[in-house]
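Student: Task: produce atomic coordinates for the following.
(one chain, ligands or ions: 1)
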Amino acid sequence: MRMPELRAGANLDIIPVGRLTTTPYCWAGCAFCRLARPLPKVRMTDAPAGLTLAHLAARGVNLDQTAQIRLRGGLSLREPFDYWIHFLRHLRAQYQGRLIAFSPVEIWQFHVLERRSLRDLLHLLKWAGVDLLGPGGSETWTPELRARWTPHRLEPNEWLSVAEAARQVGLGFSMAPIIGAHMGETEWNEYVAVILQHDPQELEVKPLNSEGTRWAAHDSASILETVAAIQRLREATPSLPLYVCWDEQPLDDAAAIFAAAGADGLLTSVWEVTPA
Ligand code: SF4
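Tutor: Predicted coordinates:
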């Protein structure tokens, strides 16, 4: 592992994130997923009910405590896309911070199931007040890793179609490599090439946490692998905002190391609301 020089005295924002889970169920079965409960493919109407505004009210979370709220979840969704547009519009009316909702993975599923154009779906997300698409689906890029980790999710060209449509409607998209021992030179070169070619609005670094996943036989990412990933991405894209997803403690130590490596911010969950 090559370790470039660390930047002394660099600062990094600690960004409190509120997470909303549309549904904890998903048919896709990605090997690294800690979020979803497996469910075979069922008709939308047979899927368990998803998140409601009543769940949010019942938790009594303080929306102003967060710099950003993220809506994400599994693909076994009962509710149609328009339900989520109204959910987001209502949320936006009460919340001034950054709103990140869905990723190309969910958008592609709505596109296929509801036979609606990507542009129409993304225009509606923007109308509802969403600022950015989440990075879901961009964790791995080589065909080998995709076949091992996420064989049932959308194809890379489908992911890029959604990302490009998001750019065209002024929504923007982000990318997030998942970090761990699987990221060798080939995987990194391919990932960086995609970033440079498609110019996301921002990048996130997601250290693999394999605990409780089907990938549990493999080690979670070490802090050194995470630092090296930050440095590699910072070198390749000197001005792109670069954040680290980090829910581990102690925050301050990690923040100092990641800042020195070149990250701009550390995303840390402060609350999460799920439907069950
Ligand atoms: S599509 Fe998303 S929620 Fe579903 S298993 Fe894969 S990573 Fe988890």
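Student: need the strands for the chain, in chain order.
Tutor: 13-21, 25-26, 37-38, 68-72, 98-101, 174-175, 178-179, 202-207, 242-245, 265-273 (DSSP state E).
Student: what about the second one, distance to the chain center?
Tutor: When you say that, I think you mean strand 25-26. Strand 25-26 has its C-alpha centroid displaced from the chain centroid by 16 Å (Cα atoms, centre = their mean, to the nearest Å).
Student: in its sheet, what does that strand sit against?
Tutor: When pairing is defined by DSSP bridges, strand 25-26 lines up against strand 37-38 (parallel).
Student: and the partner strand, what's its mean pLDDT?
Tutor: For strand 37-38, the mean pLDDT works out to 87.
Student: And for stretch 198-209?
Tutor: 94.
Student: Can you give me the end-to-end span of that stretch?
Tutor: Terminal residues of stretch 198-209 lie 27 Å apart, using Cα to Cα, to the nearest Å.
Student: Can you tell me which of the strands of the chain is nearest to Phe87?
Tutor: strand 68-72 (7.8 Å; Cβ to Cβ). Where you see a C-beta, it was placed from the backbone N, CA and C, and this is true even at glycine.
Student: Just list what the closest one packs against, helices and strands only.
Tutor: strand 13-21, helix 81-94, strand 98-101 (3 or more Cβ pairs under 8 Å, 6 or more residues apart in numbering; DSSP states H and E).
Student: In CSV: the ones you listed, plus distance to the ligand.
Tutor: Conversion of these to CSV gives the following (distance: least, Cβ to the nearest ligand atom, whole Å):
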stretch, distance to the ligand
strand 13-21, 9
helix 81-94, 15
strand 98-101, 14
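Student: Deepest in the core, which of these is it.
Tutor: Compared across the helices and strands packed on strand 68-72, strand 98-101 shows the largest average neighbour count, a mean of 20 (mean count of other Cβ atoms under 10 Å).
Student: quick one, helices of the stretch 151-276 of the chain?
Tutor: Under the criterion DSSP state H, counting those that start in this stretch, helices of the stretch 151-276 of the chain are mapped to 156-168, 185-198, 223-236, 251-261.
Student: Could I get the phi/psi values of Ser210?
Tutor: phi -90, psi -10 (degrees, to the nearest 10).
Student: I'd guessed it sits against Ala216; true?
Tutor: Yes: applying Cβ atoms under 8 Å as the test, Ser210 and Ala216 come out as touching, 5.2 Å apart.
Student: Compare neighbour counts for the two and give me the winner.
Tutor: Ser210 (17 against 13; other Cβ atoms under 10 Å).
Student: can you pull the contacts of the more buried one?
Tutor: Ser210 is in contact with 32, 180, 216-220, counting by Cβ atoms under 8 Å, 6 or more residues apart in numbering.
Student: Please repeat the previous calculation with a cut-off of 7 Å.
Tutor: By Cβ atoms under 7 Å, 6 or more residues apart in numbering, Ser210 lies in contact with 32, 216, 218-220.
Student: does Tyr243 really touch Gly265, like I thought?
Tutor: Yes: assessed by Cβ atoms under 7 Å, Tyr243 is found in contact with Gly265 at 4.5 Å.
Student: For the stretch 151-276 of the chain, what lies in contact range of the ligand?
Tutor: The stretch 151-276 of the chain comes close to the ligand at residues Arg153, as judged by Cβ under 6 Å from any ligand atom.
Student: Find the nearest non-adjacent residue to the one residue in the stretch 151-276 of the chain that gets nearest to the ligand, please.
Tutor: Proximity of the stretch 151-276 of the chain to the ligand (Cβ to the nearest ligand atom) peaks at Arg153, 5.3 Å away. Using Cβ to Cβ, 6 or more residues apart in numbering and skipping residues adjacent in sequence, the residue nearest Arg153 is Ala28, 5.3 Å away.
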